[in-house]
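>>> This is the structure alone, sequence omitted:
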């Protein structure tokens, strides 16, 4: 009973840390860590757990040392609970040394590491990882839950997925701790792609293959599903069949994320045989796409003449003004002031076209297609968030939705005695995690 009580206090301490330090919103001013994990089958049917963690190289504070180089130091504490009892604990330090800190301004590097533990199937595990930047004193923490796998003999099964930032043949320059069979598998504990990482790599293993099926061939089926469960990418039409020659197999793959919008996705992998039977359970993991939004240029750039105005040709001036109002989430205060000063219909048209043009999220998408898709989203947002006094696309929730898409999670708090109703929107894929809190101070907004 004493152990459970201590565990609850531990959780409260973690919550206090998150509430106290989770509000920094400026990249480069944050010290943040990421955490992920995967389970694999070891010798003698033993399951082992790999814990992956990382932090941006430019996240800690650096100080000059006695050799005139610059170094950082990050102290870690890991606590693992098995069924609510403290099961393992570890403390260590990671250093990084640079000869010149000016490279940190443009650094895209993440310092990645892993720890392995043999674990027992049938138990629930809770991982708490704490980190403290020695020079700045800033701290961060991450938590993960998992159920210990039981790899059953003579039954085909899959390991967990590793979502990786890179996979390549293992060589003499590879870090031995990232070795998986003949591959160098560098995990991406942040599970986020888009800003610097444009290719997603994955790795998993298949066990007990020859004992579980009479088929002589197998293929790996993978799909990418969006947050609503719709399939957006898959390899079902181009399966590659391979011979079942060994008891176990390693599987790697990769795909580009350029065609995916910002948001949360699920990578789903399984194994199929010619008979159509699954030879093992599926293995899946969430990941996030966070491609940087294009900066809005100055008003003088927006009035640069353009030629392709076809999708605006059928609008009169009143409809043009209405469209400009509706794209409130894409404009700045300066842009709205400049537009209001125009008394020329053609100038307004060019101005609006350029707003659409600079907000197209990626190459290969036409301005007209992006505009149609965004206007449809404006209509949906207006229906969902409008009030008697404010259109939905101009409401706080509407603007955030139009800028960043659907949140990873919404926590709703209805009106209670002595308090106002409010919602907490979490975006896990933006700068390591961003939270928006919407409070209905008037009591007139439908928080649903």
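Done, it's in. Keep in mind that what you see is a predicted model, and the values were worked out from it rather than measured.
>>> where does residue 45 land on pLDDT?
pLDDT for residue 45: 80.
>>> do residue 295 as well
On the pLDDT scale, residue 295 gets 52.
>>> mind listing the helices in the protein by residue range?
Under the criterion DSSP state H, helices of the chain are mapped to 2-21, 209-212, 299-302, 317-326, 333-341, 345-359, 367-385, 396-404.
>>> how about JSON lines for these, with mean neighbour count, distance to residue 266 and mean pLDDT added?
Glycine gets a C-beta too; all of them are placed from N, C-alpha and C. Output for those, formatted as JSON lines (neighbours: other CB atoms under 10 Å; distance: least, CB to CB, whole Å; pLDDT from 0 to 100):
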{"stretch": "helix 2-21", "mean neighbour count": "12", "distance to residue 266": "25", "mean pLDDT": "36"}
{"stretch": "helix 209-212", "mean neighbour count": "17", "distance to residue 266": "25", "mean pLDDT": "73"}
{"stretch": "helix 299-302", "mean neighbour count": "14", "distance to residue 266": "38", "mean pLDDT": "54"}
{"stretch": "helix 317-326", "mean neighbour count": "14", "distance to residue 266": "32", "mean pLDDT": "93"}
{"stretch": "helix 333-341", "mean neighbour count": "13", "distance to residue 266": "37", "mean pLDDT": "88"}
{"stretch": "helix 345-359", "mean neighbour count": "18", "distance to residue 266": "27", "mean pLDDT": "87"}
{"stretch": "helix 367-385", "mean neighbour count": "16", "distance to residue 266": "22", "mean pLDDT": "90"}
{"stretch": "helix 396-404", "mean neighbour count": "18", "distance to residue 266": "19", "mean pLDDT": "90"}
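>>> Please name whichever of those is nearest to residue 122.
For residue 122, the closest of those is helix 2-21, at 19.0 Å, according to CB to CB.
>>> Make CSV out of the helices of the chain and add distance to residue 86.
Shown next, in CSV, are these (distance: least, CB to CB, whole Å):
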stretch, distance to residue 86
helix 2-21, 7
helix 209-212, 37
helix 299-302, 58
helix 317-326, 55
helix 333-341, 53
helix 345-359, 50
helix 367-385, 45
helix 396-404, 38
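>>> how about stretch 220-236: buried residues?
Neighbour-count burial for stretch 220-236, counted by 16 or more other CB atoms under 10 Å, picks out 220, 221, 222, 223, 224, 225, 226, 233, 235.
>>> Among these, which are located in strands?
Per DSSP state E, strands hold the following members of the buried residues of stretch 220-236: 220, 221, 222, 223, 224, 225, 226, 233.
>>> roughly how far apart are the second one and residue 237?
As for residue 221, its distance to residue 237 is 11 Å (criterion: CB to CB, to the nearest Å).
>>> re earlier: in a markdown table, list the ones in strands among the buried residues of stretch 220-236 along with pLDDT.
What follows is those, written out as a markdown table (pLDDT from 0 to 100):
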| residue | pLDDT |
| --- | --- |
| 220 | 90 |
| 221 | 89 |
| 222 | 92 |
| 223 | 94 |
| 224 | 95 |
| 225 | 93 |
| 226 | 91 |
| 233 | 90 |
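>>> related to what we said a few turns ago, between the helices of the chain, which gets nearest to residue 61?
Per CB to CB, nearest to residue 61 of the helices of the chain: helix 2-21, 15.0 Å.
>>> can you count the residues close to the nearest residue to residue 58 once chain neighbours are set aside?
Of all residues not flanking residue 58 in the chain, residue 104 sits nearest, at 4.0 Å (CB to CB, 6 or more residues apart in numbering). Counted by other CB atoms under 10 Å, the residues lying close to residue 104 total 18.
>>> thought residue 104 was touching residue 59?
No. Using CB atoms under 8 Å as the test, residue 104 is too far from residue 59 to be in contact (9.3 Å).
>>> which among the ones in strands among the buried residues of stretch 220-236 gets closest to residue 179?
Using CB to CB, those come closest to residue 179 at residue 220, 21.4 Å.
>>> Quickly list what the closest residue to the closest one other than its chain neighbours is bridged to.
Nearest non-adjacent residue to residue 220, counting by CB to CB, 6+ apart: residue 251, 5.4 Å away. Here residue 251 sits in beta bridges with residue 204, going by DSSP bridges.
>>> For the closest residue to residue 126 other than its chain neighbours, list the residues it contacts.
Excluding its sequence neighbours, the residue lying closest to residue 126 (CB to CB, 6+ apart) is residue 81, at 4.2 Å. Going by CB atoms under 8 Å, 6 or more residues apart in numbering, residue 81 touches 7, 87, 125, 126, 128.
>>> What's the local residue count around the nearest residue to the third one once chain neighbours are set aside?
So that's residue 125. By the measure of CB to CB, 6+ apart, the closest residue to residue 125 outside its immediate chain neighbours is residue 146, 5.2 Å from it. Neighbour count for residue 146, taken as other CB under 10 Å: 17.
>>> isn't residue 146 right next to residue 121, touching?
No. Using CB under 8 Å, residue 146 is not in contact with residue 121; the gap is 11.3 Å.
>>> Now do the same contact list for the residue nearest the centre of the chain.
In the chain, the centroid-proximal residue (CA atoms, centre = their mean) is residue 288; its distance is 2.9 Å. Taking CB under 8 Å, 6+ apart as the criterion, residue 288 is in contact with 191, 192, 193, 263, 264, 265, 408, 428, 429.
>>> All set now, cheers.
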